[in-house]
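S.K.: need a 3D model of the following:
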Amino acid sequence: MKTEENIKEILEGLLIKLGVEFSKITVEKKEDKTFSVNIESEEASLLIGHHGETIKSIQHILKVLCWSDMKLGEEFNVIVDVGNYRKKQEESVLNLAERKVEFVRKTIRAQSLPPMSPYFRRLVHMKLMEPGYEDVETYSSGEGEMRHIIIKPKKQ
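M.R.: Got it, this is the predicted structure:
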């Protein structure tokens, strides 16, 4: 059985045990050792939880169940989304970063983004390393929950 089918089967079992209704689960292999999972459900807000806490927990439990069930000898990453909630969050974070880049370009002054998870910080760092952003650089600052990205003009 393919890894994608195993992940789907394990998640279906988990959601049934939690008593959560769902209409569709899709699992897609992304980059190396990463699988993207999307759950479609009428109870999306229940699955997402306050500030995405429930979706993070489901993702963690799913990873643990997959790693222990599949005995593949190596770990892989699973990103769980519900009704494209995470995708919309990613777009929002990247739009904010883009607005901050424009401000940095106009004022030639560093700008801070609000604190965010390691996942979203990495997303912003990677985006601002792409072509078209050679005039700015990013770095993370702060500790724990207050860790955030600073975007500044690159010295020529």
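
S.K.: which residues of the protein score low on pLDDT?
M.R.: When residues are selected by pLDDT under 70, those of the chain lie in 1, 70-74, 156.

S.K.: that one: helices as residue ranges?
M.R.: Taking DSSP state H as the criterion, the chain contains helices spanning 3-18, 44-48, 53-70, 85-107, 118-127.

S.K.: please name the residues that touch residue 88.
M.R.: Residue 88 makes contact with no residue under the criterion CB atoms under 8 Å, 6 or more residues apart in numbering. Where you see a C-beta, it was placed from the backbone N, CA and C, and this is true even at glycine.

S.K.: just to revisit the earlier point, dump the helices of the chain to JSON lines, plus distance to residue 135.
M.R.: Listed next are the helices of the chain as JSON lines, based on distance: least, CB to CB, whole Å:
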{"stretch": "helix 3-18", "distance to residue 135": "41"}
{"stretch": "helix 44-48", "distance to residue 135": "37"}
{"stretch": "helix 53-70", "distance to residue 135": "35"}
{"stretch": "helix 85-107", "distance to residue 135": "7"}
{"stretch": "helix 118-127", "distance to residue 135": "14"}
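
S.K.: now for those, which one comes closest to residue 153?
M.R.: helix 85-107 (5.8 Å; CB to CB).

S.K.: between the helices of the chain, which gets nearest to residue 25?
M.R.: Ranking the helices of the chain by proximity to residue 25 (CB to CB) places helix 3-18 first, at 5.3 Å.

S.K.: list the buried residues in that closest one.
M.R.: 3, 6-8, 10-11, 15 (16 or more other CB atoms under 10 Å).

S.K.: swap in stretch 99-112?
M.R.: In stretch 99-112, counting by 16+ other CB under 10 Å, buried: 100-101, 104, 110-111.

S.K.: identify the bridge partners of the nearest residue to residue 58 once chain neighbours are set aside.
M.R.: Sequence neighbours aside, residue 80 is the residue nearest to residue 58 in space, at 5.6 Å (criterion: CB to CB, 6 or more residues apart in numbering). Counting by DSSP bridges, residue 80 forms beta bridges with residue 37.

S.K.: got the domain ranges for this protein?
M.R.: 3-83, 88-153 (automatic domain parsing).
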